[in-house]
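>>> Sequence and predicted model, in that order:
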Amino acid sequence: QVQLIESGGGLVQAGGSLRLSCAASGGTFTDYAMAWFRQAPGKAREFVGGISWAGGFAYYSDSVKGRFTITRDNTKNTVSLEMNSLKPEDTALYYCAAHFRGLGNSRSSDEYNSWGQGTQVTVSS
C-alpha cells in the first residue's frame, strides 16, 4: 500500500489562499486515484475533491467547486490541493487519501485504502 504524507497547512485570513501537498511512497502511484477529505471538530469526514490516476478527471464537492483545484504530478508522486477564496467554514483537518484503481469520484471514505496523517487548515474571519 502507498504511504501518504501531507504538508502545507496553516493559518490564513478569510479570502486568502493555501496550497496543500501530499507525497506518496511505497507503491505504484498511478495505480491510485487520489482525493482530499476534511474533518472539522464535531463533524463527519467529508469529501473535498478527487482526481483520476492520470489527472485527466477531477471532481469536487459543491462547497469548494470553483475555489479549490486538485492536481497531481505522476513524475514526482505528489498530489496538490490549491485552495483560494478561503472561508472560515473551510477550517478543518485535511487528509490525503488513495483509492486503488478508483476513478477519483468516490465520496465514501470507506473506498480509500491509504490515508495521510492530516494537515490543519485554519481560516480566520
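Now that the structure is in, tell me what you want to look at.
>>> Would you point out which residue is most central in the protein?
Here the mean C-alpha position of the chain is nearest to the C-alpha of residue 36 (C-alpha atoms, centre = their mean), at a distance of 2.1 Å.
>>> Who does that residue form a beta bridge with?
residue 49, residue 96 (DSSP bridges).
>>> contacting residues for it?
20, 22, 48-50, 70, 79, 81, 94-97 (C-beta atoms under 8 Å, 6 or more residues apart in numbering). All C-beta atoms are positioned from the backbone trio N, CA, C, and that covers glycine.
>>> okay, and for the protein, where does confidence drop off?
By pLDDT under 70, the chain has no low-scoring segment.
>>> all strands for it, in order.
Using DSSP state E, the strands of the chain run over residues 3-7, 10-13, 18-25, 32-39, 46-51, 58-60, 68-73, 78-83, 92-100, 114-115, 119-124.
>>> export those to a markdown table and tack on distance to residue 106?
Below are the strands of the chain laid out as a markdown table (distance: least, C-beta to C-beta, whole Å):
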| stretch | distance to residue 106 |
| --- | --- |
| strand 3-7 | 16 |
| strand 10-13 | 28 |
| strand 18-25 | 17 |
| strand 32-39 | 7 |
| strand 46-51 | 7 |
| strand 58-60 | 9 |
| strand 68-73 | 14 |
| strand 78-83 | 15 |
| strand 92-100 | 6 |
| strand 114-115 | 14 |
| strand 119-124 | 21 |
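>>> Against residue 125, how distant is the residue nearest to the centre of the chain?
23 Å (C-beta to C-beta, to the nearest Å).
>>> Now, of the contacts of residue 36, which are buried?
For these, a burial check counting by 16 or more other C-beta atoms under 10 Å picks out 20, 22, 48-50, 70, 79, 81, 94-97.
>>> Looking at the residues you listed, which is nearest residue 110?
Nearest to residue 110 among those, counting by C-beta to C-beta, is residue 97 at 10.7 Å.
>>> That closest one and residue 110 touch, don't they?
No: Residue 97 is beyond contact range of residue 110, at 10.7 Å (criterion: C-beta atoms under 8 Å).
>>> what pairs with residue 82 across the strands?
residue 19, residue 69.
>>> Noted, bye for now.
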